[in-house]
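**Q** sequence and predicted model, in that order:
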Amino acid sequence: MPERRVVVWRSAMISASETFIRNQADALTRWRPVYVGATRTESVLARDTDLIAFADPRSFMRLRLTGESPHLRRLIQGVRPRLVHAHFGGDGWLVSGAAAGLPLVVTLHGHDVTRQPATPGLKGVRYRRNLRTVFGRARLLIAVSEEIRRHAIRWGADPDRIRVHHTGVPIPALPAVPKQWDVAFVGRFVEKKGADDLIAALAAVPARSVFVGDGPLFARMQAYARELRIDATFLGARPADEVYRVLAGSRLLAAPSRTAADGDSEGLPTTVVEAMALGLPVVSTRHSGIPEAVADGVTGLLGAEGDREALAAHLRKLLDDPGLQASMGAAGRARAEAEFDVTRQSRRLEDLYDELTGQRE
């Protein structure tokens, strides 16, 4: 049987925070992923084998303005794929012209159907037009959570054409490492991640905390932690293997996500499932797709968005009860194995690919 190739498209190939794209495609077994991007992003996830369409970012302008590029079309045709899988709605529009004639799959992750369509002015008008275009061109839309599916339908996606599919994470062996930290936070320092809520809560909870990630609010959050005199270490961005070591060396993950003032929200944060896979209980919020992973009172504790008192109480409850930490961590690990194992999830994704292309074993 001829090799089944899928173009995995991300216009900026690829930021360090997008391990979920690599993990999903690298776990494919029946289909071979070929990573294609418009421009190269220098990060720990970049690979020499990535196919980059535009060495000069200025030559990317025609594609951004019109959604058309003969050069990109030829590059994709040269791969001889059976389908194209784009990540994020805007990127789906960018590649949809060059992918004409091939089945197009687009995964919707969060801000692409929450914040971006609500952008005011001409920029928002243009984005909504492009989003409706890709909704019409894609053979299959994948939402990473039920909440993201609802947002996509709100902005015009055909309910019959959109499926919820959890991306999944690797399920590692449980490492036997000492617990260096009480509370871990992993994510970009942007409003929706709620790092300021966590720092405020930690002021009322004696705990050693570690913050992993970067972003526009990084320096402000460091200053806020110093102001409140909490025991916090800020590591900045770290490669995936080091993030796993930090999580394994922590007692719990705090993920106090909330909807930002501009409407930006999560899909289902990968870090939440990664922590569960490592046997950590999760303290989080009832935000977007998080309750689809974290079972309140079973695998972690959930509070309302922005409720700092509840966040502090939940941190204290878990840190004061090692037995509860262990039981919730074990339940989270079991749930991650059953519902979020990237190997199983990528196999299910391949079933969707096969369905779209009429392939049979």
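**A** Nice, I can see it. Residues are numbered from 1 along each chain as shown.
**Q** give the contact list for the residue lying closest to residue 249 once chain neighbours are set aside.
**A** Distance criterion C-beta to C-beta, 6 or more residues apart in numbering; nearest residue to residue 249, sequence neighbours excluded, is residue 180 at 4.3 Å. In this view, the C-beta of every residue, glycine as well, is placed from N, C-alpha and C. Each residue near residue 180 by C-beta atoms under 8 Å, 6 or more residues apart in numbering is listed here: 208, 210, 249-250.
**Q** which one of the residues you listed sits in the busiest neighbourhood?
**A** Of all these, the highest neighbour tally under other C-beta atoms under 10 Å goes to residue 250, namely 25 neighbours.
**Q** so how far is residue 186 from that one?
**A** 9 Å (C-beta to C-beta, to the nearest Å).
**Q** would you map out the domains in the chain?
**A** Per the record, the chain has its domains at 4-168+342-357, 181-339, by automatic domain parsing.
**Q** with mean pLDDT and distance to residue 174 as extra columns, can I get those in CSV?
**A** Formatted as CSV, the domains of the chain follow (pLDDT from 0 to 100; distance: least, C-beta to C-beta, whole Å):
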stretch, mean pLDDT, distance to residue 174
domain 4-168+342-357, 95, 17
domain 181-339, 97, 6
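**Q** Throw these into JSON lines and include distance to residue 175, thanks.
**A** Converted to JSON lines, the domains of the chain look like this (distance: least, C-beta to C-beta, whole Å):
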{"stretch": "domain 4-168+342-357", "distance to residue 175": "18"}
{"stretch": "domain 181-339", "distance to residue 175": "5"}
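**Q** helix or strand for residue 129, which one?
**A** Assigned by DSSP states H and E, residue 129 belongs to helix 121-137.
**Q** and the contacts of the helix or strand following that helix?
**A** As assigned by DSSP H and E, the chain's next helix or strand after helix 121-137 is strand 140-143. Contact partners of strand 140-143, identified using C-beta under 8 Å, 6+ apart, comprise 103-108, 135, 149, 152, 157-158, 161-165, 267, 352, 356.
**Q** what strands flank strand 140-143, and is each parallel or antiparallel?
**A** Using DSSP bridges, strand 140-143 pairs in its sheet with strand 104-108 (parallel), strand 162-164 (parallel).
**Q** need the CA coordinates for it. PDB is fine.
**A** In PDB, the C-alpha atoms belonging to strand 140-143 read as follows (Å, rounded to 0.1, in the frame of the first residue of the first chain):
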ATOM      1  CA  LEU A 140     -13.300  18.000   9.300                       C
ATOM      2  CA  LEU A 141     -13.000  20.400  12.200                       C
ATOM      3  CA  ILE A 142     -11.500  19.100  15.400                       C
ATOM      4  CA  ALA A 143     -12.200  20.900  18.700                       C
END
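**Q** how about whatever helix or strand comes next after it: buried residues?
**A** Elements were assigned by DSSP H and E; along the chain past strand 140-143, the next helix or strand is helix 146-154. For helix 146-154, a neighbour-count test (16 or more other C-beta atoms under 10 Å) marks 147-149, 151-153 as buried.
**Q** same check, this time on stretch 328-343
**A** Result for stretch 328-343 [16+ other C-beta under 10 Å]: buried residues 328-329, 331-333, 335-336, 340-342.
**Q** how about residue 27, phi and psi?
**A** When read as degrees, to the nearest 10, the backbone of residue 27 gives phi -90, psi 0.
**Q** in what helix or strand does the nearest residue to it once chain neighbours are set aside lie?
**A** With sequence-adjacent residues excluded and distances taken as C-beta to C-beta, 6+ apart, residue 27 is closest to residue 346, at 3.8 Å. Assigned by DSSP H and E, residue 346 falls within helix 342-357.
**Q** give me the angle between that helix and strand 104-108.
**A** Following axes from the mean of the first three to the mean of the last three C-alpha atoms, to 10 degrees, one obtains 140 degrees for the angle between helix 342-357 and strand 104-108.
**Q** could you dump helix 342-357 to PDB, C-alpha only?
**A** Taking C-alpha atoms only, helix 342-357 is exported to PDB below (Å, rounded to 0.1, in the frame of the first residue of the first chain):
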ATOM      1  CA  VAL A 342      -1.300  10.300  23.100                       C
ATOM      2  CA  THR A 343      -0.600   6.900  21.500                       C
ATOM      3  CA  ARG A 344      -4.300   5.900  21.800                       C
ATOM      4  CA  GLN A 345      -5.500   9.400  20.800                       C
ATOM      5  CA  SER A 346      -3.300   9.500  17.700                       C
ATOM      6  CA  ARG A 347      -4.600   6.100  16.700                       C
ATOM      7  CA  ARG A 348      -8.100   7.500  16.900                       C
ATOM      8  CA  LEU A 349      -7.000  10.500  14.900                       C
ATOM      9  CA  GLU A 350      -5.700   8.100  12.200                       C
ATOM     10  CA  ASP A 351      -9.100   6.500  12.100                       C
ATOM     11  CA  LEU A 352     -10.600   9.900  11.300                       C
ATOM     12  CA  TYR A 353      -7.900  10.300   8.600                       C
ATOM     13  CA  ASP A 354      -8.800   6.900   7.100                       C
ATOM     14  CA  GLU A 355     -12.500   7.800   7.200                       C
ATOM     15  CA  LEU A 356     -11.900  11.000   5.300                       C
ATOM     16  CA  THR A 357      -9.700   9.400   2.600                       C
END
